[in-house]
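Novice: my questions concern the predicted model and sequence given below.
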Amino acid sequence: MDDKYKGLRLLGKIAIIIAWIILISSVIGALLVLFGVRDQIFRWLGFLGLPFGISTFLWLYVLGKFIYVVTDIETNTRGSSTAVSNLIKTVQDQQAASNKNIEQALQQQSSASQSLDGAIQKQSEAIAQLTDTLASNQAAPASPAAPVAADLTEISGIGPKISEVLHAAGIYTYVQLANTSVDDLNKILADAGVTANPSKWPEQANLAAMGLWDQLKAIKEETKE
């Protein structure tokens with residue numbers, strides 16, 4: 001409580017004490033006049049002093065109580081104002097902390113969103129690159145792999161040189177050789193400048209393709225004879 005309000009409360013207390021002193025003095029004076037004084041004039045003065053004392057008592061008592069009430073109201077009002085100010089400050093601090101937490105959460109969410117966008121962009125670029133690669137692979141047909149070359153020198157009349165000539169013409173296996181006509185073989189040999197008689201090659205190649213090596217051996221011996 002401020003010194004100003006303490007002084008007012010002390011003043012109210014003094015007024016109440018004086019009021020009681022006046023009241024008690026008036027009552028005692030009235031009783032003394034009533035029972036101790038024989039003179040008629042003093043009796044009337046004593047009786048008249050009693051109402052004056054009572055009125056003065058009431059006036060001072062009410063004044064003292066009024067001062068008490070006013071100082072209590074002012075003190076409570078100031079206390080309430082202080083409590084309200086503290087409450088407002090507490091709410092503002094909590095709101096500021098909440099806003100700060102919300103701002104930090106939004107920043108973290110923004111960073112996470114940017115990271116996600118970057119990852120999505122990289123993934124999109126990888127998908128686009130893969131798509132381009134697949135499109136290129138589909139656009140450029142793969143060259144067929146050359147078949148596993150058979151040993152064409154097993155055929156009577158075919159040596160290493162003629163074997164290379166046949167490979168250059170795309171004939172690698174016994175099946176391919178068996179399916180090539182004699183006329184085509186003659187043309188291949190003529191273009192390569194090689195002289196040979198391929199009339200028995202398709203037949204021998206057919207036997208080799210079927211794995212009939214004994215019959216192929218017999219034909220080769222007949223050819224040598």
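Specialist: Everything's here; your move.
Novice: which other helices and strands contact the lengthiest helix in the chain?
Specialist: Scanning the chain for the longest helix, with DSSP state H as the assignment, gives helix 40-139. Taking 3 or more C-beta pairs under 8 Å, 6 or more residues apart in numbering; DSSP states H and E as contact, the helices and strands that helix 40-139 lies on are helix 3-36. (Glycine included, C-beta is placed from N, CA and C.)
Novice: check the offset of the helix it packs on from the chain's centre.
Specialist: 78 Å (C-alpha atoms, centre = their mean, to the nearest Å).
Novice: do stretch 196-208 as well
Specialist: 77 Å.
Novice: and the contacts of that stretch?
Specialist: 150, 152, 154-158, 162, 174-175, 177-182, 185-186, 189, 213, 215-216, 219-220, 223 (C-beta atoms under 8 Å, 6 or more residues apart in numbering).
Novice: show the buried residues in those.
Specialist: Under a neighbour-count criterion of 16 or more other C-beta atoms under 10 Å, the subset of the contacts of stretch 196-208 counted as buried comprises 150, 152, 154-156, 158, 162, 174-175, 177-178, 180, 185, 189, 216, 219-220.
Novice: domain map for the protein?
Specialist: For the chain, whose domains are defined here by automatic domain parsing, the residue ranges read 3-104, 152-224.
Novice: just send those back as JSON lines, with mean pLDDT and distance to S111 too.
Specialist: Rendered in JSON lines, the data for the domains of the chain read as follows (pLDDT from 0 to 100; distance: least, C-beta to C-beta, whole Å):
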{"stretch": "domain 3-104", "mean pLDDT": "74", "distance to S111": "11"}
{"stretch": "domain 152-224", "mean pLDDT": "89", "distance to S111": "63"}
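Novice: most tightly surrounded among those?
Specialist: Between the domains of the chain, domain 152-224 has the highest mean count of neighbours, a mean of 16, where neighbours are mean count of other C-beta atoms under 10 Å.
Novice: re earlier: for A135, find the nearest of the domains of the chain.
Specialist: Closest approach to A135 among the domains of the chain (C-beta to C-beta): domain 152-224, 30.4 Å.
Novice: re earlier: can I get the domains of the chain in JSON lines including distance to T133?
Specialist: Formatted as JSON lines, the domains of the chain follow (distance: least, C-beta to C-beta, whole Å):
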{"stretch": "domain 3-104", "distance to T133": "43"}
{"stretch": "domain 152-224", "distance to T133": "31"}
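Novice: thinking again about what came up before, the longest helix of the chain versus helix 3-36: what angle between them?
Specialist: Orientation check (axes from the mean of the first three to the mean of the last three C-alpha atoms, to 10 degrees): helix 40-139 against helix 3-36 gives 150 degrees.
Novice: now intersect the contacts of stretch 196-208 with the helices, please.
Specialist: Members of the contacts of stretch 196-208 lying in helices (criterion: DSSP H): 162, 174-175, 177-178, 182, 185-186, 189, 213, 215-216, 219-220, 223.
Novice: what is the neighbour count of Q123?
Specialist: Other residues near Q123 come to 10 when the count uses other C-beta atoms under 10 Å.
Novice: tell me the confidence at it?
Specialist: According to the predicted model, the pLDDT of Q123 comes to 80.
Novice: show me the contacts for it.
Specialist: The neighbourhood of Q123, defined by C-beta under 8 Å, 6+ apart, contains no residues.
Novice: and it, how close does it get to K217?
Specialist: Noted for Q123: a distance of 65 Å to K217, by C-beta to C-beta, to the nearest Å.
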